[in-house]
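Enquirer: below are the sequence and a predicted model for it; my questions follow.
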Amino acid sequence: MKKMKDGNDIKDLPPRNSLPAGSSQDSSSNKSSMVGYNDYLMEIMERLTQPPLKREIIPIVGMGGIGKTTLARNVYDDLRIVDYFDTRAWITVSQGYQVIDMITGLLKSIKHAAHELYQEDIGKLYQLLHKSLKGNRYLIVMDDVWDIKAWEDVKRVFPDDDNGSRIIFTTRQSIVARQVQSSGHIQHLKGLDVQESWILLREKAFGKENCPPQLEKIGTEIAKNCKGLPLSLVVIGGLLYKAERTEDYWNYVSENLYSAVSKASHHEYLEILSLSYNHLPHYSRACFLYMSVLPEDYVIRKSKLTKLWVANGFIKPDKSKSLEELAEEYLKDLTDRNLIMVHERVYSDEIKSCSIHDLLRELCVIKAKEEKFLQVLKLENDHFPEVTDNLHHVSIHTNFKDQSTRFSLAQDCDSPIRSVIFFCRNNPNHLSLHFITSFRLLKVLDALTIRFDEFPIEIVELFNLRYIALTYWIKHSFPASISKLFNLETLIVNPGKFKEVFNTSFLPLEIWKMPRLRHLLFVRAFFPYPTDALNGGNFVPLQNLQTLSNVINFRWTKEVLQMLPNLKKLVISYEHDGRTEWSSYCFDNFIYLHRLEVLKCYFFAESYLKYQDPLPVNFAFPPQLKKLTLSGCRISWESMTIIGSLPKLEVLKLKDHAFEGPVWEPIEGEFSQLKFLLLEETDLEQWNADKPHFPILKRLHLRYCYNLLEIPSGFENIPTFQAIELCECSSSVVASAKSIQEMQKDCGNEKFQVVVKDEESNV
């Protein structure tokens, strides 16, 4: 366990004002996110690292949008805090919390494997969490707590070992803070003054550029009318960031803002935020309003959100770009305006997942209902509220206690509803979708949070469907009648789990009669080989198909690849029984997938076959490949040049003995664009590499590399290097990582991180 530090250590260090994980505006400086709050930050840092040793709770209280989460995130992510605490975990609680979600959320934050969390016995999850924290100095953040009961439900899992552990609460409710902290200081956040408001607004509007002198006075007036609320300043700053920088336009914004504030009473801040919505381009308003389908504090993956936008027809076509590329541009625009928050980014700064602030979500819900665009329906007393006439989109939020509950939405056959999305807790089953057949114009049906015993066959009559997402226990092959959905673009199927084992989907041959398909996503699926198509059958190339995941034991002949000309992402698995030759799968034909950017290949074999029948080196990858994951291949390191020579490869993940052998010596000139490297479960002992072998590497993750002696010291000279993450590696590997960190810091890279997931390797 890490030793308690002298409280003066923190005082002597300058504050680190990094952007929170959800910050989205690339142009703004890091410092802007903490304007006016540096004193709060330093006070909390001191309370986290100074005595007493007994476990303490630190409540942060303030109105919505005041910056509670941003402040907590800055503290949580500070490198000094990361280094000081043995274990950190973060959960967002919200009003409609579920205890099991809180426990599993904390366990996931501590990086427990997914299979450990598949427990119906919440008592076992309590024990697992308590055991994970016991003896460690931990920092827990419970964000957005509305009710003291949320704390009462989980407090017994947090041990008090007199080692300086801390728990941070953020809440809007002063009474919650007082109840959880009967003694001690409560951190109340106040709004910004006019000068601080202008500094924050200016940085959001101009980033690192200077503000023209003629806009200073107008800008100060705009900042004043934001009433000191950081969220309002950030959103209005996003509006100005995207707008023309003229006195006329800024005066126009100032007058509109003053008018909105003057008319407002209870919803003063919503009126301020709505100004930014009113200035959105018409084509992106629907995308923003559609965020109201999400429950409070819900995090959605970019890939899913953009698919929903495309399926709903929100994206205006452009011949020069795909609809998905345009959707990503829409999302980037909304994050630049600070209307959507980035929750997580990947190595290349691309958005991975996002969410929406509570106040902006409230604005979304109000505007969506006013414009008869979307309505959120919550089940109350086993009944839904009445659906607004002429509504286009419905989001159904339920918490079923009775697993056999049946419900319906009474609508005429002429109903204009275009999309229905379910967010159901407790994964109810035995639910009928018969009512859905009245929605003849339906384009989107997302029922992933409902478990169906069988495929809801009634939906194949909804010919306008473009997006289907379902969870059901697959007993038979997928119905051939799915091909009646001629307009279908996205099909997502989760077969559900039984005793932690995923069932397998069997797709019908008729899938080759659906030329508009763009994305097929399954946990496991047997994809039919189009034999009849090759013999003149009534089949067509799936020329629009971009995503295919995860197909089992498929043969990639040239004839098949000609029918999948535009694949961009492919996930495949092979389960080897010794009866089929590896070469029959035609891995060398991957090179003909000319648009493929992401490839994940997983190989599984019975243990007695792993060494008797090694995978032959007959891979050939397309040159435009950007992300590659290999697992279980057991290829020698000498063959790595096949991968290293890929000119655009940015991400490489090697898992479960993808490559074997005690020594890896990369060749200079290869991996010229690699930014992220993961080595997991390898027998590698000696890794001889230097800066020229990985010239622009950003992140290195090593997991279960028990035999590896050290990380190459030459990595200390890579100028782009940002972080090393280790899990169950030797103490010598940890020592080499720390040495690289020190050298990076000596060269001015103060933000370089070394994260060790298991303390045993640090002994």
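Expert: Alright, I've got the coordinates.

Enquirer: shouldn't residue 166 be in contact with residue 54?
Expert: No: using CB atoms under 8 Å, residue 166 is not in contact with residue 54, being 10.2 Å away. For every residue, glycine as well, the C-beta is placed using N, CA and C.

Enquirer: how about stretch 704-722: buried residues?
Expert: By neighbour count with 16 or more other CB atoms under 10 Å, stretch 704-722 contains the buried residues 705, 708, 710, 711, 712, 715, 716, 718, 721, 722.

Enquirer: and for stretch 130-142?
Expert: By 16+ other CB under 10 Å, the buried positions in stretch 130-142 come out as 132, 133, 136, 137, 138, 139, 140, 141, 142.

Enquirer: residue ranges with poor pLDDT in the stretch 651-763 of the chain?
Expert: Along the stretch 651-763 of the chain, segments meeting pLDDT under 70 span 758-763.

Enquirer: ok, and the closest non-adjacent residue to residue 457?
Expert: Excluding the flanking residues, the one nearest residue 457 by CB to CB, 6 or more residues apart in numbering is residue 479, at 6.2 Å.

Enquirer: list the contacts of that neighbour.
Expert: Counting by CB atoms under 8 Å, 6 or more residues apart in numbering, residue 479 touches 455, 457, 460, 508.

Enquirer: wait, is the third one part of a strand?
Expert: No: with DSSP: H, G, I helix; E, B strand; the rest coil as the criterion, residue 460 is helix rather than part of a strand.

Enquirer: now do stretch 682-694: distance to the chain's middle.
Expert: Counting by CA atoms, centre = their mean, to the nearest Å, stretch 682-694 is centred 30 Å from the centre of its parent chain.

Enquirer: in PDB, list the C-alpha atoms belonging to that stretch.
Expert: Extracted C-alpha coordinates of stretch 682-694, given in PDB (Å, rounded to 0.1, in the frame of the first residue of the first chain):
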ATOM      1  CA  THR A 682       2.200 -13.800 -24.200                       C
ATOM      2  CA  ASP A 683       5.300 -16.000 -23.400                       C
ATOM      3  CA  LEU A 684       7.600 -13.100 -24.600                       C
ATOM      4  CA  GLU A 685      10.700 -12.800 -22.400                       C
ATOM      5  CA  GLN A 686      13.000 -10.400 -24.200                       C
ATOM      6  CA  TRP A 687      11.800  -7.400 -26.300                       C
ATOM      7  CA  ASN A 688      14.500  -5.600 -28.200                       C
ATOM      8  CA  ALA A 689      13.100  -2.400 -29.500                       C
ATOM      9  CA  ASP A 690      14.000   1.300 -29.600                       C
ATOM     10  CA  LYS A 691      12.500   4.700 -30.600                       C
ATOM     11  CA  PRO A 692      12.800   4.100 -34.400                       C
ATOM     12  CA  HIS A 693      10.700   0.900 -34.100                       C
ATOM     13  CA  PHE A 694       7.700   2.700 -32.700                       C
END
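
Enquirer: give me the buried positions along that stretch.
Expert: Across stretch 682-694, burial judged by 16+ other CB under 10 Å covers 682, 684, 687, 689, 691, 692, 693, 694.

Enquirer: closest to residue 650 among those residues?
Expert: residue 694 (11.7 Å; CB to CB).

Enquirer: verify the contact between the closest one and residue 715 for me.
Expert: Yes: between residue 694 and residue 715 there is a contact at 7.3 Å, judged by CB under 8 Å.

Enquirer: re the thing from before, let me have the buried residues of stretch 130-142 in a markdown table, extended by pLDDT.
Expert: Compiled in a markdown table, those are given as follows (pLDDT from 0 to 100):
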| residue | pLDDT |
| --- | --- |
| 132 | 91 |
| 133 | 95 |
| 136 | 94 |
| 137 | 96 |
| 138 | 97 |
| 139 | 97 |
| 140 | 97 |
| 141 | 97 |
| 142 | 96 |
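
Enquirer: so which of those belong to helices?
Expert: Among these, the members falling in helices (DSSP state H) are 132, 133.

Enquirer: out of the buried residues of stretch 130-142, the closest to residue 214 would be?
Expert: residue 141 (43.1 Å).

Enquirer: beta partners for that closest one?
Expert: Note on residue 141: beta-bridge partners by DSSP bridges are residue 90, residue 168.

Enquirer: residue 600 now?
Expert: residue 571, residue 629.
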